[in-house]
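> pasting the structure only:
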């Protein structure tokens, strides 16, 4: 796949392709947007275009040995750095910097793609800043992040920022069919919210059962914490926001067709629902601070129980 054949990201691709066409390639690029919408794919196809042996109108030919090696993740001049245990540590950054410092072995440019770059810890980010300030010759650094606000300002300000958006329904279906052969993601397609990478890899049916079991326990005041780790907490909070969104929307429209999870609770106060969503979003934003699971469970349980309190009960209490 060439850069210009990336589906559903016309504006972002146009910006990236423009730098190739004008031969004004920046030394560092930040690709931001939701997970599963093609950021890493675009970064790797940009690397292919930079190192293609037979470029077609400044884009990758997708068939030369260089393009095939990058597709197979075995090109010596293209390195992808991923988090380990949800974190990029300074040791990984130093290894990547050492690789960048070498001259290109086969291609024209050394390319470093840092996926989930926002997971760099503070030491890694500080060390990486030095590389951004004085990048090695013949090197390109591409940061991929769903949460660019978590990156230090000093890093963001040194990168050309290209924003990616969730795909349209038509583009989502095209990617899904190309990757899986399926023309529909089934009844949970709406939950992917224009993110084909999410729609392909996640088991929404089992996720919903797991979420609803915990949600029911919380609404009944169940005291036992059912989360295993912070990844469980993060996912559960994401799904709870979808549930609260459904309840809020249904309280306004009364239409099942507007629901993502298909759950509705008549008689729920809209303002209480919005307040609960705001509170859960705050918890979600600090989940990487290693919150105590039991305390977080009790706090979130209180938010859910208050959100589900019928309007009549609120009036009576007042």
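Cool, got the structure. Computed from a predicted structure; not experimentally measured.

> C-alpha only now, for contacts and for neighbours.
Fine.

> how about the strands of the stretch 1-150 of the chain, start to end?
Secondary structure of the stretch 1-150 of the chain by DSSP state E, counting those that start in this stretch: the strands cover 28-32, 78-81, 110-115, 139-145.

> And the helices in the chain?
10-21, 39-51, 65-71, 90-101, 122-133, 153-156, 169-180, 196-201, 204-219, 230-253, 270-285, 293-307, 311-317 (DSSP state H).

> Out of those, which one sits most buried?
helix 39-51 (a mean of 25; mean count of other CA atoms under 10 Å).

> Can you list the helices and strands that it packs against?
Secondary-structure packing of helix 39-51 (3 or more CA pairs under 8 Å, 6 or more residues apart in numbering; DSSP states H and E): helix 10-21, strand 28-32, helix 65-71, strand 110-115, strand 139-145.

> Make JSON lines from those and add distance to residue 248 and mean pLDDT to it.
As requested, the helices and strands packed on helix 39-51 are exported to JSON lines (distance: least, CA to CA, whole Å; pLDDT from 0 to 100):
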{"stretch": "helix 10-21", "distance to residue 248": "33", "mean pLDDT": "96"}
{"stretch": "strand 28-32", "distance to residue 248": "29", "mean pLDDT": "97"}
{"stretch": "helix 65-71", "distance to residue 248": "44", "mean pLDDT": "96"}
{"stretch": "strand 110-115", "distance to residue 248": "34", "mean pLDDT": "96"}
{"stretch": "strand 139-145", "distance to residue 248": "30", "mean pLDDT": "96"}
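
> would you list these in CSV and tack on distance to residue 234?
As requested, the helices and strands packed on helix 39-51 are arranged in CSV below (distance: least, CA to CA, whole Å):
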stretch, distance to residue 234
helix 10-21, 28
strand 28-32, 20
helix 65-71, 32
strand 110-115, 19
strand 139-145, 17
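
> out of the ones you listed, nearest to residue 179?
helix 65-71 (15.0 Å; CA to CA).

> contacting residues around the closest one?
44, 47-48, 51-53, 60-62, 75, 78, 107 (CA atoms under 8 Å, 6 or more residues apart in numbering).

> and the two most separated of the residues you listed?
61 and 78 (16.9 Å).

> what about these two, which has more around it?
residue 78 (24 against 20; other CA atoms under 10 Å).

> so the more buried one sits right up against residue 111, yeah?
Yes: with contact defined as CA atoms under 8 Å, residue 78 reaches residue 111; the gap is 4.7 Å.

> Mind listing the shared neighbours of the two?
Contacts common to residue 78 and residue 111, judged by CA under 8 Å, 6+ apart, are residue 47.

> Residue 254: neighbour count?
14.

> Tell me the pLDDT of it.
For residue 254, the pLDDT comes out at 79.

> Quick check: phi and psi on it?
phi 70, psi 20 (degrees, to the nearest 10).

> and if you look at residue 227?
Dihedral angles for residue 227 - degrees, to the nearest 10 - are phi -100, psi 140.

> Show me where the stretch 1-150 of the chain dips below the pLDDT cut-off.
Applying pLDDT under 70 to the stretch 1-150 of the chain flags no residue at all.

> re the thing from before, I'd like to know which of the strands of the stretch 1-150 of the chain lies nearest to residue 306.
Once those are compared by CA to CA, strand 139-145 is nearest, at 34.3 Å.

> Paired strands for the closest one, with orientation please.
Strands adjacent to strand 139-145 in the sheet, as given by DSSP bridges, are strand 28-32 (parallel), strand 110-115 (parallel).

> Those: which one's closest to residue 96?
strand 110-115 (7.5 Å).

> Just the angle for that closest one relative to helix 90-101, thanks.
150 degrees (axes from the mean of the first three to the mean of the last three CA atoms, to 10 degrees).

> For strand 110-115, what is the distance to the chain centroid?
Remark: strand 110-115 is offset 17 Å from the chain centroid, using CA atoms, centre = their mean, to the nearest Å.

> Same check on stretch 160-179?
On CA atoms, centre = their mean, the centre of stretch 160-179 falls 13 Å from that of its chain.

> what's in contact with it?
Contacts for stretch 160-179 (CA under 8 Å, 6+ apart): 7-9, 12, 15-16, 26, 28-34, 37-39, 182-185, 193-196, 199-200.

> do the same with stretch 24-31
19, 39, 43, 132, 135, 139-145, 156, 158-164.
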